[in-house]
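Visitor: Here you go, sequence then predicted model.
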Amino acid sequence: MATVTIPKIDISPLLDSASTGSEKQQVAIALLDAFTTYGVFYITSPTHPVFSSPKIAEILDATSRLFALDAAEKAHIPKIAPGGFTRGYVPIGGESGSATKELKEGFSYGYEWPSAELQAKLADSSLNKLQGPNSWPSQETLDRLDQGQRDAFKSTLQEFYLNVCQVAKGLLQGISLALALPEDELAKYCTSSETISFMRLFHYLPYADQGHAAQIGSSAHTDWGFLTLILSPCKTVGLQLFHDNSWHDVPSVENTLVVNGGDYLSLLTGGKLISPLHRVVSNGLEERYSMCCFYYPDYHSKIPLLVQEEFKGQAASGNYSLLRDQRSEEEVANDTKDHSADAQDARSVASKLLNGDINFGDYIVSKWTQVYRKGGAY
Ligand SMILES: O=C(O)CCC(=O)C(=O)O
Ligand SMILES: [Fe+2]
């Protein structure tokens, strides 16, 4: 396989309030190059906790302990459900971006609302469809996962999520500068992003089918949101990028995150910033863990008018999973008339997104329903 050199960018100036404009500009130049060449790159910042070896070891440890629970105990963790709000355990086969079975299990969690605020919001129905409580394992299971350190499991996961969101916010500044916009411009599209974005811990199982016809780790796709930030602390190769008509490994690099541009960001920039096609495959031997933060724009954000005009010609030619119907054929065939947004013709809903007639949040609800698969197993 031909190799590509995926850039590694030290984004420290974007995370440090004391950095100068020219330091940030340097990062912006590197980001622009990476986003317009591959849409994928590594980031690091030596003093930020997300990139520190002990913190990475902690989150990997928590993740592997969760997936090492036995089947009976996993069965008690609330499972994800269709409908956009994706929290809880993802059983093997419970989700796929294509007709192929994805050989992974996962756990999705996001913003942990202070309980009084959550109660108030539940009481006055002011939560949007992508907001709500996390679905943690039972207290008994959490106690076991804590290994004697009270609340260690949940606090490790929560701290990691908030820290990665902070890194994403730093990146927004750099991307704004890369696009010659004021540095706070893209943050305007992400005002409450951390309340609807979320983290997914994944455990990929090895499989022997190297043709990837019957099963795969994660089907070839582009990510729907603004940015995806991936920690992959295992040496096991799995993530691959489609570039120049072939697949290339994106190996794990110590103390870095992999960043993918998302479809929404790409659309927002008229396709200038790439939302890369990628997939996860198995080497046939080893399992793999990853922790992926899907950083979304604000629930209410729309594709702006300016971009709609500029983008009209290109949208159809793009390979955006956001705009494709990702339901399995079986699901499409069994789809009865009009039971929810997912019954609508995906193409007409996609054109509503491009025309600014539907906001990102309402649209994403139908996307999660498309990739949900009934009958996932433990
Ligand atoms: O696990 C990974 O490295 C990437 C997973 C991924 O691309 C996704 O879930 O969208
Ligand atoms: Fe992805």
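Guide: In hand now; what should we look at? Numbering: from 1, shown residues only. Ligands and ions are numbered 1, 2, ... in the order given.

Visitor: hey, where'd the helices end up in the stretch 101-250 of the chain?
Guide: For the stretch 101-250 of the chain, the helices defined by DSSP state H, counting those that start in this stretch occupy 115-123, 139-146, 152-178, 193-196.

Visitor: Only alpha carbons, please: show the shortest one as CSV.
Guide: Read it as helix 193-196. Extracted as CSV, the C-alpha positions of helix 193-196 are listed here (Å, rounded to 0.1, in the frame of the first residue of the first chain):
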residue,chain,number,x,y,z
SER,A,193,-22.0,22.3,20.9
GLU,A,194,-20.8,20.5,23.9
THR,A,195,-24.3,19.7,25.1
ILE,A,196,-25.2,17.9,21.8
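
Visitor: Disregarding residues adjacent in the polypeptide, which is nearest to Leu142?
Guide: Phe153 (5.8 Å; CB to CB, 6 or more residues apart in numbering). (Each C-beta comes from the backbone N, C-alpha and C, glycine too.)

Visitor: ok, that neighbour - contacts?
Guide: Ala62, Arg65, Leu66, Leu142, Leu145, Asp146 (CB atoms under 8 Å, 6 or more residues apart in numbering).

Visitor: if I look at it, how far off is ligand 1?
Guide: As judged by CB to the nearest ligand atom, to the nearest Å, Phe153 and ligand 1 stand 21 Å apart.

Visitor: How about the residues of this structure by ligand 1?
Guide: Phe202, Ser218, Asp223, Ile230, Ser232, Leu239, His278, Val280, Ser290, Cys292 (CB under 6 Å from any ligand atom).

Visitor: Could I get those in TSV, plus columns for pLDDT and neighbour count?
Guide: Listed next are the residues of the chain next to ligand 1 as TSV, based on pLDDT from 0 to 100; neighbours: other CB atoms under 10 Å:
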residue	pLDDT	neighbour count
Phe202	97	24
Ser218	94	25
Asp223	96	25
Ile230	98	25
Ser232	94	24
Leu239	97	25
His278	97	24
Val280	96	25
Ser290	97	26
Cys292	98	25
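
Visitor: Can you name the two of those residues that sit furthest apart?
Guide: Greatest spatial distance among the residues of the chain next to ligand 1 (CB to CB): Asp223 and Ser232, at 14.8 Å.

Visitor: ChimeraX command for the buried members of the contacts of Phe153?
Guide: Filtering the contacts of Phe153 down to the buried ones (16 or more other CB atoms under 10 Å) takes a single ChimeraX command:
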select :62,66,145,146
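
Visitor: Out of the contacts of Phe153, the closest to ligand 1 would be?
Guide: Leu66 (15.3 Å; CB to the nearest ligand atom).

Visitor: For the residue in the stretch 51-200 of the chain that ligand 1 sits nearest to, give the beta-bridge partners.
Guide: Of all residues in the stretch 51-200 of the chain, Arg200 sits closest to ligand 1, at 6.3 Å by CB to the nearest ligand atom. Arg200 has these beta-bridge partners by DSSP bridges: Ser108, Cys292.

Visitor: so what's it up against?
Guide: Arg200 touches Val90, Gly106, Phe107, Ser108, Met291, Cys292, Cys293, Phe294, counting by CB under 8 Å, 6+ apart.

Visitor: For ligand 1, give me its nearest residue in the protein.
Guide: Closest point on the chain to ligand 1, by CB to the nearest ligand atom, is Ser290, at 3.5 Å.

Visitor: Pick the one among the contacts of Phe153 closest to Asn163.
Guide: Using CB to CB, Ala62 comes nearest to Asn163 of the contacts of Phe153, at 14.0 Å.

Visitor: distance of that closest one from Glu286?
Guide: From Ala62 over to Glu286 the distance is 20 Å, taken as CB to CB, to the nearest Å.

Visitor: Phe35 too?
Guide: 31 Å.

Visitor: So for these two, which residue has more residues nearby?
Guide: Per other CB atoms under 10 Å, whichever of Phe35 and Glu286 has more neighbours is Phe35, with 27 against 14.

Visitor: In contact with the more buried one: list those residues for me.
Guide: Contacts for Phe35 (CB under 8 Å, 6+ apart) come out as Phe41, Ile175, Ala178, Gly261, Lys272, Leu273, Ile274.

Visitor: Taking the residues you listed, please make a PyMOL selection of just the buried ones.
Guide: For the buried members of these, the matching PyMOL selection, counting by 16+ other CB under 10 Å, is:
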select buried, resi 41+175+178+261+273+274
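
Visitor: Would you point out the most distant pair within the contacts of Phe35?
Guide: Across those (CB to CB), the longest gap, 15.5 Å, separates Phe41 and Lys272.

Visitor: roughly how far out does stretch 107-127 sit from the chain middle?
Guide: On the basis of CA atoms, centre = their mean, to the nearest Å, stretch 107-127 sits 21 Å off its chain's mean C-alpha point.

Visitor: and that stretch, what's its mean pLDDT?
Guide: Per-residue pLDDT over stretch 107-127 has a mean of 96.
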